[in-house]
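S.K.: got a sequence here, can you model it:
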Amino acid sequence: MKLVLEKAGDFQKSIDAIAVLIDEAEFILDEKGLALKATDPSQISMIDFFLEKAAFKEFDVKEKAKIGLDLDYLRQIMSRAKADDELTIELDSDQNRLNVKFKGASTRKFNLPLIDISTAELPNPKIEFDAEVKLLASVLQDALKDAALVSSHVSIGIEANKFIVRADSSKGNLDSVTEKDKKYLIELNAKKDAMSMFPLDYLQDMLKAAQSATEIQVNLKANAPIEISYEIGKAKIKYFLAPRIES
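M.R.: Numbering: from 1, shown residues only. Now for the predicted structure:
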């Protein structure tokens, strides 16, 4: 098995986006591309990552393979890549290791051990969302920074066809309201109002890899997991986060 990407930069950002929530997980390689689906240790969030075969300069995969890795260590190795380095990933089945090579001003090769992760295949949550929003990442990133001044939890939703981020605590409250304007809030389709509360730090982690001008899709339903998705280069990344149900 051998994978070659012309530039390491986007893959580096993708690993950052995964490792921010997941400590260790299994990549699945097949004829379609490279995929990963895992829940975080607390089981309240889930990530669904996919990089299609067409994104690779070389994609030599003879049969389906599962590659269990310590993602924090992979993230540390990927942090040593220059954005323009050519990236080669090779599976050494005999040695039970993954070889990662950066080719730029010099050629650097790391190898890291595979770990045994036996997990059942995770289905994505089946949710009939009440509202779908497409907006620039900066809108939500800024609202979350504002909310962090007030509380460790934040409510996100749609009210009267406006995108709302709200935080309340003994310190006071925040109301951030964004109306559909095609520039910042690009699309808003709501069957009805929907509002749910989530842990703020998870949402901030989910948006760390998004550039401020990245278009993100946010799907919402009252008291149901939120779905946040965006692209990093040709990689597709989707997060789910369970709500905090107030008794």
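S.K.: number of residues surrounding the nearest residue to Asp92 once chain neighbours are set aside?
M.R.: Using Cβ to Cβ, 6 or more residues apart in numbering and skipping residues adjacent in sequence, the residue nearest Asp92 is Asn99, 5.9 Å away. Where C-beta positions appear, they are placed from N, C-alpha and C, glycine not excepted. Around Asn99 there are 15 other residues, counting by other Cβ atoms under 10 Å.
S.K.: packing partners of the helix or strand harbouring Asn99?
M.R.: Applying DSSP states H and E as the criterion places Asn99 in strand 97-103. On a contact count with 3 or more Cβ pairs under 8 Å, 6 or more residues apart in numbering; DSSP states H and E, strand 97-103 meets helix 71-78, strand 86-92, strand 107-113.
S.K.: nearest to Lys62, of the ones you listed?
M.R.: Comparing these by their distance to Lys62 (Cβ to Cβ), the top pick is strand 86-92, with 10.5 Å.
S.K.: tell me how far stretch 178-186 is from the chain's mean position?
M.R.: Centroid separation for stretch 178-186 versus its chain: 23 Å, with Cα atoms, centre = their mean, to the nearest Å.
S.K.: got it, and stretch 159-177?
M.R.: Here the centre of stretch 159-177 is set off from its chain's centre by 24 Å, with Cα atoms, centre = their mean.
S.K.: list the buried ones in that stretch?
M.R.: Phe163, Ile164, Val165, Arg166, Ala167, Asp168, Leu174, Ser176 (16 or more other Cβ atoms under 10 Å).
S.K.: how is the chain partitioned into domains?
M.R.: 2-113, 131-241 (automatic domain parsing).
S.K.: find the pair from the buried residues of stretch 159-177 with maximum spatial separation.
M.R.: Farthest pair in these, by Cβ to Cβ: Phe163 and Asp168, 17.7 Å.
S.K.: right, I'll call it a day here.
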